[in-house]
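Novice: Sequence plus the predicted model coming up.
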Amino acid sequence: MSQTRAHTDIHLTGRIARLPEPWRSYALLARLDRPVGTWLLFLPGVWGLFLAPAASLQTKLIDTILFAFGSLVMRSAGCVVNDIWDRDIDAKVARTAGRPLASGSLSLKQGLLLLSILLLLGLAVLACLPPVCWALAPLALFLVALYPAAKRVTWWPQLVMGFTFGFGAPMGYAAAAGTLDGNGLLLYGAVILWQLGFDTIYGFQDMEDDARIGVRSTSRLMEKSARPFVGTCYTLMLLALALVAIHADLHWSFWPFFILAAGMLMRQVRLLNPHDAPACLREFRRNVPIGIVLAAGFVFARLLG
C-alpha cells in the first residue's frame, strides 16, 4: 500500500478514546479530537474583531469569548454537514473511512440529531451578537451547506472552503464595527487566499483516492505546481493584509508579527511536498501558530495604538 493510501488523520487518544459509545462517535463526528479546524475558524474572527476601529476593549473581549464558543459549535456543525454529504465518498478514502457516518458507527438520524443541537447552540451565540451579524448569518449557513457539494461540480472546492471557513473575519469585523466596510471585505479576501493555500496543502493527502473515485480538488489540479500555487496564495494574502493594516492605520507593533508570520508561511511553501501525506498534514496544522501570531499583531496594534 502506498504512503498516501495508508495515511489517516484519525488518532484516538486521550479523553476522546476513553469515552463510551455512542459518545465517542459523536465526539469524532464533531471533530472534538482535532481542534485545528476550530482554531482556523476562530482566529480570523479575532483578526476582524481587533482590526475594527469601533467598540470598546471590554466589548471586543466579550465578543472574543462568544466567537471562541461559536467557532467550536459551528465548525462541528460544518463537519457534520460535510460528513452527511460525503458519507459514501468517505468510505472509499483511506484517510476518512473511519469517520462515524462512513464507518456506520453512527446512523444518519443520529448525525442529524447532533447537527440540530449544534445549530441551536450557534443560534444562541448569534443572539448575543449585534444585529448586523444576524443579517450575515444566513449567508454563512448557506456557505456551510454549499461547501460539501463543491467537490462534485468544480476543481476549486478549496476556494469554496475559503469563503466558508473565512467567514469569521467579516463577522468579527462587523460585530466590532457595527457594519461591514471595504477594509472588512479586504480582510475577508486575505483570509480566503490564506485558506485556499493551506486547504490545498491539506487536500494533497487525498489525491490518490480522489483520482480513483473521481473527486475533484484544487490539490489535484495544482499537483504539478504545488509550491508556486500555494506561494502565490500566501503572497497575495500577505499583500492584502498589508493593505488592510495600512488603510486601518494600525500601530507599528503590528508589523513585527506580520513579518514573523510571513516568514513562517514562506517556510511552509519551501518545505511543501505534495506526495508526502503526513508532512502535508503537519504543514497544514502549522497554520494555527501562524494565525495566532497574526492575531497577536492585531491585538497589540489596537492596545498600543
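Specialist: Here it is on my side, so go on.
Novice: Run through the chain and note the low-pLDDT ranges.
Specialist: 1-13 (pLDDT under 70).
Novice: one more time with 80, if that's ok
Specialist: 1-14, 54-55, 94, 148, 151, 305 (pLDDT under 80).
Novice: what residues does stretch 61-79 touch?
Specialist: Contacts with stretch 61-79, where a contact means CB atoms under 8 Å, 6 or more residues apart in numbering, come from 29-32, 37-38, 41-42, 45-46, 49, 55, 115, 118-119, 121-122, 125-126, 128-129, 140, 144, 147, 164-165, 168, 171-172, 175-176. C-beta: built from backbone N, CA, C; applies to glycine.
Novice: go with 7 Å
Specialist: With CB atoms under 7 Å, 6 or more residues apart in numbering as the test, stretch 61-79 has contacts from 29-31, 37-38, 41-42, 45-46, 49, 115, 118-119, 121-122, 125, 128-129, 144, 168, 172, 175-176.
Novice: The residues you listed in helices, which ones?
Specialist: Among the contacts of stretch 61-79, the members found in helices (DSSP state H) are 29, 37-38, 41-42, 45-46, 49, 115, 118-119, 121-122, 125, 144, 168, 172, 175-176.
Novice: Buried ones only from these, please, as a PyMOL command.
Specialist: To isolate the buried ones among these in PyMOL, judged by 16 or more other CB atoms under 10 Å, type:
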select buried, resi 29+37+38+41+42+45+46+49+115+118+119+121+122+125+144+168+172+175+176
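Novice: ends of stretch 145-160, how far apart?
Specialist: For stretch 145-160, the first-to-last residue distance is 11 Å (CA to CA, to the nearest Å).
Novice: So what does Met222 have for phi and psi?
Specialist: phi -110, psi 20 (degrees, to the nearest 10).
Novice: Find the nearest non-adjacent residue to it, please.
Specialist: Nearest residue to Met222, sequence neighbours excluded (CB to CB, 6 or more residues apart in numbering): Phe229, at 4.2 Å.
Novice: Could you measure from Leu271 over to Phe298?
Specialist: For Leu271, the distance to Phe298 (CB to CB, to the nearest Å) stands at 26 Å.
Novice: which of those two has more neighbours?
Specialist: A direct count of neighbours by other CB atoms under 10 Å for Leu271 and Phe298 places Phe298 higher, at 28 against 13.
Novice: and the gap between that one and Ser76?
Specialist: Using CB to CB, Phe298 is found at 25 Å from Ser76.
Novice: Also Gln158?
Specialist: The gap separating Gln158 from Ser76 is 20 Å, by CB to CB.
Novice: Could you do Leu123 as well?
Specialist: 14 Å.
Novice: Compare those two (neighbour count), which wins?
Specialist: Shown here are Leu123 and Ser76; by other CB under 10 Å, Ser76 has more neighbours (24 against 12).
Novice: Beyond whichever strand or helix holds that one, next helix or strand please.
Specialist: Assigned by DSSP states H and E, Ser76 belongs to helix 57-90. Per DSSP H and E, the first helix or strand lying C-terminal to helix 57-90 is helix 100-103.
Novice: Now do that following helix: which elements does it pack against?
Specialist: Here helix 100-103 touches helix 23-29, helix 57-90, going by 3 or more CB pairs under 7 Å, 6 or more residues apart in numbering; DSSP states H and E.
Novice: One more pass at 10 Å, please.
Specialist: helix 23-29, helix 57-90, helix 108-127 (3 or more CB pairs under 10 Å, 6 or more residues apart in numbering; DSSP states H and E).
Novice: Of those helices, which is nearest Leu243?
Specialist: Nearest to Leu243, of all the helices and strands packed on helix 100-103, is helix 57-90, at 22.3 Å by CB to CB.
Novice: Give me the buried stretch members for that closest one, please.
Specialist: Within helix 57-90, the residues scored as buried using 16+ other CB under 10 Å are 60, 63-64, 66-83, 85-87, 89-90.
Novice: if I read this right, Thr179 contacts Pro53, doesn't it?
Specialist: No - Thr179 lies out of contact with Pro53 (CB atoms under 10 Å); the separation is 11.0 Å.
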